[in-house]
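K.L.:
only geometry, no sequence info:
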């Protein structure tokens, strides 16, 4: 026979305490199995308050706690249960988790006693309590034996076999004649993210990172007015940020947010960001979720999120200022000297002529050189920087219908002179009707 089978009631049966005990076990296991089928990880803390003053005396005591043990037993102290005996922390204790423990159910064993001590493995201790009859006018009182959970505080190094345990804090160290130092980075098993300063602090940090990156992308895209593939990538990244920022705001205000739900949302965010920020374009591998390792789980995940959201936004394609001067010369000053050694340069050209004719004629008629020597090269009919036509627009710069694209070759004597030049000069030896000319630098 199972210890949890349902009692079959019948008229005229002789009632014994065992009938009610068996029926109670049946209800308990029924509720446990039914609720477990609804989802995983439904155990942990809802409330926790540790006596800070007693830490100065080398002791750990719980003022208030509420939650569910890993075996499915709910608890609330001091509302319905009594706080466990104060734990005296041994000297030289370091890096040990403190557990709130409850003896497990053991089929066939005694479940309650009138006497209890710190070593007791009996699940409940009983006491007599006066209970009113709330269904009659007289409200008559009667003595009823009620049970309280036999709760204990145990260190990680102590034997906890036969107990359902839930971590409440971690001791950093206990030196002689010194208060107990707790590890503020420890995250106990939780049912609500807002309970721990560590997990609740992640909301503020993440929202700050998302807002900062979203604002930077928004301003850059609003100012650029371009539509190249680099801008498309920025738009897609901004779309990810705009999708998650209001979601994280809502989650930060939500009551009773389970850490697993928050973790799932952050995993998706980290995976989407990896597409834009990781060189391999693939997401990192993160640890499997565990209620007992929340601190390590979130630390690993937020390390990846910080990296993705804190990368410097560097504009890949830069539109160079190009001003027309006399005698068909266009001048573009170099404001960032590092571009000469770290960027490729492209000319985007449009004129009132067939595209194939423009691609064929422009390289022969255009002379590109350092602004200081352009007139000398024109007078001597010497070559400048070679201009090579491209079949399509470079993916980093915007494509516009009717434009032809040319790359400046980074070789030759004229290019070497650009290292010490103040800017580019472009001279056109022939007329190009309704000419539009753009110079772009694309970082390598």
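P.N.:
Yep, it's here. Because the structure is predicted, anything quoted here is derived from the model rather than measured.
K.L.:
mind listing the helices for the stretch 201-350 of the chain?
P.N.:
For the stretch 201-350 of the chain, applying DSSP state H, counting those that start in this stretch gives helices covering 229-253, 259-277, 294-310, 339-342.
K.L.:
by contact count, what packs against the shortest one?
P.N.:
Under the contact criterion of 3 or more C-beta pairs under 8 Å, 6 or more residues apart in numbering; DSSP states H and E, the helices and strands touching helix 339-342 comprise strand 436-443. C-betas here are computed from N, CA, C, even on glycine.
K.L.:
and the strand it packs on, what's buried?
P.N.:
Across strand 436-443, burial judged by 16 or more other C-beta atoms under 10 Å covers 437-442.
K.L.:
what confidence value was assigned to residue 119?
P.N.:
We have a pLDDT of 58 for residue 119.
K.L.:
ok, now which ones touch residue 441?
P.N.:
Taking C-beta atoms under 8 Å, 6 or more residues apart in numbering, we find residue 441 in contact with 317-318, 320, 339, 343-345.
K.L.:
circling back to that earlier point, out of the helices of the stretch 201-350 of the chain, which is closest to residue 217?
P.N.:
With distances scored as C-beta to C-beta, the stretch of those nearest to residue 217 is helix 229-253 (4.4 Å).
K.L.:
next, the distance between the ends of stretch 217-232.
P.N.:
11 Å (C-alpha to C-alpha, to the nearest Å).
K.L.:
would you map the helices across the stretch 51-200 of the chain?
P.N.:
Under DSSP H, counting those that start in this stretch, the stretch 51-200 of the chain gives helices at 52-55, 197-224.
K.L.:
which residues are in contact with stretch 297-305?
P.N.:
The contact list for stretch 297-305 (C-beta under 8 Å, 6+ apart) reads 185, 187, 198-199, 202, 205-206, 209, 259, 263, 266-267, 269-270, 273-274, 284, 286-287, 289-290.
K.L.:
what about 10 Å?
P.N.:
Stretch 297-305 has contacts (C-beta atoms under 10 Å, 6 or more residues apart in numbering) with 185, 187, 193, 196, 198-199, 202, 205-206, 209-210, 259-260, 262-263, 266-267, 269-271, 273-274, 277-278, 283-291, 293.
K.L.:
would you show me how to pick out the buried ones of the residues you listed in PyMOL?
P.N.:
The following PyMOL line selects those of these that are buried, judged by 16+ other C-beta under 10 Å:
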select buried, resi 187+193+196+198+199+202+206+209+210+259+260+262+263+266+267+269+270+273+274+277+278+283+284+286+291
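K.L.:
tell me the contacts of residue 204?
P.N.:
Per C-beta under 10 Å, 6+ apart, neighbours of residue 204: residue 252.
K.L.:
can you pull the contacts of the nearest residue to residue 295 once chain neighbours are set aside?
P.N.:
Using C-beta to C-beta, 6 or more residues apart in numbering and skipping the chain neighbours, the partner closest in space to residue 295 is residue 187 (4.0 Å). Residues near residue 187 by C-beta under 10 Å, 6+ apart: 167, 170, 193, 195-199, 259, 291-299.
K.L.:
any low-confidence regions in the stretch 301-444 of the chain?
P.N.:
Residues of the stretch 301-444 of the chain that meet the criterion pLDDT under 70 lie in 312-315.
K.L.:
domain map for this protein?
P.N.:
Here the domain assignment for the chain is 39-129+140-186, 195-310, 317-443, based on automatic domain parsing.
K.L.:
turn those into a markdown table, including distance to residue 18.
P.N.:
Putting these into a markdown table (distance: least, C-beta to C-beta, whole Å) gives the following:
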| stretch | distance to residue 18 |
| --- | --- |
| domain 39-129+140-186 | 12 |
| domain 195-310 | 36 |
| domain 317-443 | 79 |
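K.L.:
and those domains: which comes nearest residue 20?
P.N.:
With C-beta to C-beta, the closest approach to residue 20 among the domains of the chain belongs to domain 39-129+140-186: 12.2 Å.
K.L.:
quick check: end-to-end length of the closest one?
P.N.:
With C-alpha to C-alpha, one end of domain 39-129+140-186 sits 25 Å from the other.
K.L.:
quick one: that domain to chain centroid distance?
P.N.:
From the chain centre to the centre of domain 39-129+140-186 is a distance of 32 Å (C-alpha atoms, centre = their mean, to the nearest Å).
K.L.:
next: stretch 347-362.
P.N.:
Its chain's average C-alpha position is 50 Å from that of stretch 347-362, according to C-alpha atoms, centre = their mean.
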